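Participant: Using only what follows, build the 3D model:
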Amino acid sequence: KQWYQRRVAITAGGQVIELCGPSGIGKSKVCWHLAGDCLKAGKKVVVVSSRKILGSDLKNIPNSSDISICYVSSVYDLLVTLSALDSMQVNLLIIDGIQSLLQAVLGAAHFKGHALLHEVKCAIGTVAVKSLVVYTNGLVSVGDGNHGPALGRSWEIAPSVRIMMLSQPGGGRVLWRNREVTAQMVVKEQGVEINWTA
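Facilitator: Numbers count the residues shown, from 1 in each chain. The predicted structure is shown next:
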């Protein structure tokens, strides 16, 4: 019940939330649960993705046909899409796999990469003034057994809340952390089971 209440409160908008974790941990699944909550409440949901959204991703979401899906293949497509969304009424914007779009411009051959990264941060912030923005980001090792977001230090200030999803010994559990709370959760087909601690 606490998770559901927190999720409903989060979908009010005005924040940028990063779900950060290794591939296959359940970041996208959490996004689909948030989308389902918004749709049940009659809210507008837009998903931006560089990968094909499968029917299996949407099968447990009521009214999934009401989700607007925008496919992008580059950071430039993402910027155009974010600019267009700024003039639309959107309650929840999900950007699935943001690192796959942005890492391509951060290599040594792309000296303007960090400027583009900053431009994307600003565009997301503009959309977040009236919408909740949730995006998924990969997780990389930063040494000494620690992990950090795949987009590096220049991206650290992008989200209002960063939720790190890390595998725990003993199977299927992950730990969510931000500056305020810690939670253990299990992502299941029918929803998310979660226990929060302060």
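Participant: So which other helices or strands are in contact with the host helix or strand of residue 56?
Facilitator: Using DSSP states H and E, the element containing residue 56 is helix 55-58. The contact analysis (3 or more C-beta pairs under 8 Å, 6 or more residues apart in numbering; DSSP states H and E) places helix 55-58 against helix 27-40. For every residue, glycine as well, the C-beta is placed using N, CA and C.
Participant: Buried residues, the helix it packs on. List them.
Facilitator: Across helix 27-40, burial judged by 16 or more other C-beta atoms under 10 Å covers 27-39.
Participant: Just put the residues you listed in JSON lines and tack on pLDDT and distance to residue 164.
Facilitator: Output for those, formatted as JSON lines (pLDDT from 0 to 100; distance: C-beta to C-beta, whole Å):
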{"residue": "27", "pLDDT": "85", "distance to residue 164": "11"}
{"residue": "28", "pLDDT": "85", "distance to residue 164": "16"}
{"residue": "29", "pLDDT": "83", "distance to residue 164": "16"}
{"residue": "30", "pLDDT": "84", "distance to residue 164": "13"}
{"residue": "31", "pLDDT": "86", "distance to residue 164": "16"}
{"residue": "32", "pLDDT": "84", "distance to residue 164": "19"}
{"residue": "33", "pLDDT": "82", "distance to residue 164": "18"}
{"residue": "34", "pLDDT": "84", "distance to residue 164": "17"}
{"residue": "35", "pLDDT": "85", "distance to residue 164": "21"}
{"residue": "36", "pLDDT": "84", "distance to residue 164": "23"}
{"residue": "37", "pLDDT": "81", "distance to residue 164": "22"}
{"residue": "38", "pLDDT": "83", "distance to residue 164": "23"}
{"residue": "39", "pLDDT": "85", "distance to residue 164": "27"}
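Participant: Contacts for the helix holding residue 56 next, please.
Facilitator: By C-beta atoms under 8 Å, 6 or more residues apart in numbering, the list of residues contacting helix 55-58 from outside reads 28, 32, 64, 67.
Participant: Going by distance to residue 73, which of those residues wins?
Facilitator: Nearest to residue 73 among the contacts of helix 55-58: residue 28, at 18.2 Å, using C-beta to C-beta.
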